[in-house]
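[1] Need a 3D model of the sequence below.
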Amino acid sequence: MPSYSCSMGPVIDWVRAMQLSLRFFDDHECPPPLPPDEPTLCLTDAVVSNTGFIVQLWLSDVTFWLEQVILQMRLYALHDCSKKVLLVMKYGFIIEIIAMMGVMAYISVAIRNGDVYFTWKLAVWLGLKCITAVQIMDILPQILFLKYSILGFYDFLLFCLAILGGIQRSREEIQARPANRRGPPLVKILIKGNIVYFFVNSLAVSVGIMLYASTGLQSILLLGDQMTIAVAAVAGCRLILRMRCSDSESPTSNDSDTDVGSWDVRLGEMSA
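    Numbers count the residues shown, from 1 in each chain. You can find the predicted model right below:
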C-alpha cells in the first residue's frame with residue numbers, strides 16, 4: 001500500500017487517506033478535519049516530537065541533580081565535612097532522585113503508549129489513528145503532587161542546613177577577618193548564595209502546592225520550576241558581581257604589612 005502524505009499533498013492522496021481513515025473508524029468518534037490553512041502532522045512526526053520531549057524532560061532533571069550535587073558539596077564543606085550532614089544529604093538526595101525518576105518514567109511510558117500528547121492541536125489522518133490534543137499534566141495530579149512535595153521538603157531541609165552553616169561560618173569569619181580588609185568576605189557571599197537558592201526552591205514549590213490545593217490546576221505545579229530558574233539566574237549574576245567586588249580590593253596594605261614583618265624578623269636575626 002503506498003504511503004500518503006498527511007499535509008500539503010495532492011488532492012487525490014488526501015481523499016484516499018480520508019476514505020481509508022473512515023473505513024478504520026466506522027465505530028469510533030473521530031475529530032473533524034482541520035481547516036486547510038492549519039497543517040496536520042503525520043504519525044512519524046508525532047513520534048519524533050514525543051521522543052524529543054521525553055529527552056528534554058530527562059535532561060532537565062539531570063541538570064537539576066548536578067546542580068544540587070555542587071551545592072550540597074558546598075554545604076558539606078561549610079559544615080567542616082561533618083559526617084552527619086553528609087548522611088542527611090545523601091539519603092535525602094537518594095529519595096529525591098527515586099521520586100523524580102519514578103515520575104519521569106511514568107510520564108515517558110504514558111507518552112510512548114499514546115496516552116499523553118502535546119498541548120497544541122494536532123490530527124492524524126492515515127487510517128491508523130486519530131490524535132487529539134490532551135494536556136500532559138491532566139492525568140498525573142497525584143504523582144506530581146507527591147514529587148513536588150518531596151522536592152519541597154528536601155529543599156527546605158537543605159535551606160535549614162545552609163542557615164546553620166552560615167551562622168557558624170559567619171562567627172568564624174568575623175573573628176578571623178583582618179581589620180584592614182574591605183568589601184564583603186568571600187565565604188559570606190557563598191553562604192548567601194546557598195541560602196537564597198534553597199529558600200527560593202522551597203518557597204516556589206510550597207506556593208505551587210498551595211495553589212494546586214486551592215484551585216485544582218495541575219499546571220500550577222510547574223510554577224516552581226519556572227520561578228526557580230528565573231530567580232536562580234538573577235541571584236547567580238549578583239553572586240558573581242559580589243565575588244568580583246570582594247576580590248577587587250587593593251592588596252597594598254596587606255603586602256606592606258607582610259614586608260614590614262619580614263624585615264623585622266630579618267633584622268632580629270642579624271642582631272642576634
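[2] Helices of the stretch 51-200 of the chain, start to end?
    Here the stretch 51-200 of the chain has its helices, by DSSP state H, counting those that start in this stretch, at 83-112, 141-176, 186-215.
[3] where does the protein have its least confident helix or strand?
    Across the helices and strands of the chain, mean confidence by mean pLDDT, DSSP states H and E is lowest for helix 252-271: a mean of 44.
[4] how much space is there between Ala105 and Ser60?
    Distance, Ala105 to Ser60, by C-beta to C-beta, to the nearest Å: 15 Å. In this view, the C-beta of every residue, glycine as well, is placed from N, C-alpha and C.
[5] who touches Cys81 in this structure?
    Listed by C-beta atoms under 8 Å, 6 or more residues apart in numbering, Cys81 has no contact partners.
[6] for the one 5 residues further on, same thing?
    Remark: with contacts taken as C-beta under 8 Å, 6+ apart, Leu86 is in contact with Tyr76.
[7] Asp155 is in contact with Phe198, correct?
    Yes: using C-beta atoms under 8 Å, Phe198 is in contact with Asp155, at 5.3 Å.
[8] Out of the helices of the stretch 51-200 of the chain, which is the most enclosed?
    Ranked by mean neighbour count under mean count of other C-beta atoms under 10 Å, the helices of the stretch 51-200 of the chain are led by helix 186-215, which reaches a mean of 19.
[9] Show me what the mean pLDDT comes to for that helix.
    In this model, helix 186-215 has an average pLDDT of 68.
[10] I'd like the distance between Val69 and Val207.
    25 Å.
[11] actually Ile150, not the one I wrote
    The spacing between Ile150 and Val207, counted by C-beta to C-beta, is 16 Å.
[12] before we move on, what about Asp155?
    13 Å.
[13] do Leu87 as well
    Distance from Leu87 to Val207, counting by C-beta to C-beta: 30 Å.
[14] In this protein, where is pLDDT below threshold?
    Residue ranges of the chain with pLDDT under 70: 1-50, 52-53, 114-144, 172-194, 208-209, 211-272.
[15] now Phe156, nearest residue through space, not along the chain?
    Sequence neighbours aside, Ser202 is the residue nearest to Phe156 in space, at 4.2 Å (criterion: C-beta to C-beta, 6 or more residues apart in numbering).
[16] Contacts only, for that neighbour.
    152, 155-156, 159.
[17] which one of those sits closest to Leu78?
    Closest approach to Leu78 among the contacts of Ser202 (C-beta to C-beta): Phe159, at 13.1 Å.
[18] ok, and for stretch 54-63, which residues are buried?
    Neighbour-count burial for stretch 54-63, counted by 16 or more other C-beta atoms under 10 Å, picks out 54, 57-58.
[19] how near is Val62 to Met100?
    10 Å.
[20] Quickly note the distance from Val196 to Arg74.
    13 Å.
[21] again, but for Tyr106
    Counting by C-beta to C-beta, the separation of Tyr106 from Arg74 is 32 Å.
[22] do Met101 as well
    To Arg74, Met101 is 24 Å away according to C-beta to C-beta.
[23] ok, Trp58 touching Ile107?
    No: look at Trp58 against Ile107 with C-beta under 8 Å: they stay out of range, at 9.7 Å.
[24] Could you tell me which residues make contact with the residue lying closest to Asn201 once chain neighbours are set aside?
    Leaving aside its chain neighbours, Asn201 sits nearest to Asp155 (4.0 Å; criterion: C-beta to C-beta, 6+ apart). By C-beta under 8 Å, 6+ apart, the contact set of Asp155 is 198, 201-202, 205.
[25] Dump these into JSON lines; add distance to Ile94 as well.
    What follows is the contacts of Asp155, written out as JSON lines (distance: C-beta to C-beta, whole Å):
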{"residue": "Phe198", "distance to Ile94": "18"}
{"residue": "Asn201", "distance to Ile94": "18"}
{"residue": "Ser202", "distance to Ile94": "19"}
{"residue": "Val205", "distance to Ile94": "19"}
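[26] For stretch 77-96, output the C-alpha coordinates as PDB.
    The C-alpha trace of stretch 77-96 is given here as PDB (Å, rounded to 0.1, in the frame of the first residue of the first chain):
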ATOM      1  CA  ALA A  77      32.400  22.000  53.300                       C
ATOM      2  CA  LEU A  78      30.700  24.700  55.200                       C
ATOM      3  CA  HIS A  79      29.900  22.200  58.000                       C
ATOM      4  CA  ASP A  80      33.500  21.200  58.300                       C
ATOM      5  CA  CYS A  81      33.000  17.900  56.400                       C
ATOM      6  CA  SER A  82      30.500  16.600  59.000                       C
ATOM      7  CA  LYS A  83      29.500  13.000  58.500                       C
ATOM      8  CA  LYS A  84      26.100  13.600  60.000                       C
ATOM      9  CA  VAL A  85      25.400  16.300  57.500                       C
ATOM     10  CA  LEU A  86      26.700  14.100  54.700                       C
ATOM     11  CA  LEU A  87      24.400  11.200  55.700                       C
ATOM     12  CA  VAL A  88      21.400  13.500  55.800                       C
ATOM     13  CA  MET A  89      22.100  15.000  52.400                       C
ATOM     14  CA  LYS A  90      22.900  11.500  51.000                       C
ATOM     15  CA  TYR A  91      19.700   9.700  52.000                       C
ATOM     16  CA  GLY A  92      17.600  12.800  51.200                       C
ATOM     17  CA  PHE A  93      19.100  13.100  47.800                       C
ATOM     18  CA  ILE A  94      18.600   9.400  47.000                       C
ATOM     19  CA  ILE A  95      14.900   9.600  48.000                       C
ATOM     20  CA  GLU A  96      14.500  12.700  45.800                       C
END
